[in-house]
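K.L.:
here is my input; please provide its structure:
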Amino acid sequence: MRWRGKLVGFEVKFGDAPGMTRSLHTAKHDLKLDQAFIVYPGSQRYPVGEGVEAIPLPELRAQLMGH
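P.N.:
Residues are numbered from 1 along each chain as shown. Predicted structure coming up:
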């Protein structure tokens, strides 16, 4: 999706500590994403790789809504 002038991608995981996957790396490269988020059911936001962050769903929602 395009958000705040950037192309952003999302990957949804059900694990507690998701990491960078080959498919996300490929998608980020092929789609020329500026930022990617791994949405997961945890409570901490943390960097996973260059331009990739793991983020809890409620925090992502708040960020997208501008809160």
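
K.L.:
all helices of the chain, in order?
P.N.:
Here the chain has its helices, by DSSP state H, at 22-30, 57-65.

K.L.:
tell me the bridge partners for the residue most central in space within the chain.
P.N.:
Residue closest to the average C-alpha location in the chain (CA atoms, centre = their mean): Phe37, at 0.2 Å. When assigned by DSSP bridges, Phe37 has beta-bridge partners Phe10, Glu53.

K.L.:
tell me the contacts of it?
P.N.:
8-11, 52-55, 60 (CB atoms under 8 Å, 6 or more residues apart in numbering). Where you see a C-beta, it was placed from the backbone N, CA and C, and this is true even at glycine.

K.L.:
let's see that with 7 Å instead.
P.N.:
Taking CB atoms under 7 Å, 6 or more residues apart in numbering, we find Phe37 in contact with 10, 53, 55, 60.
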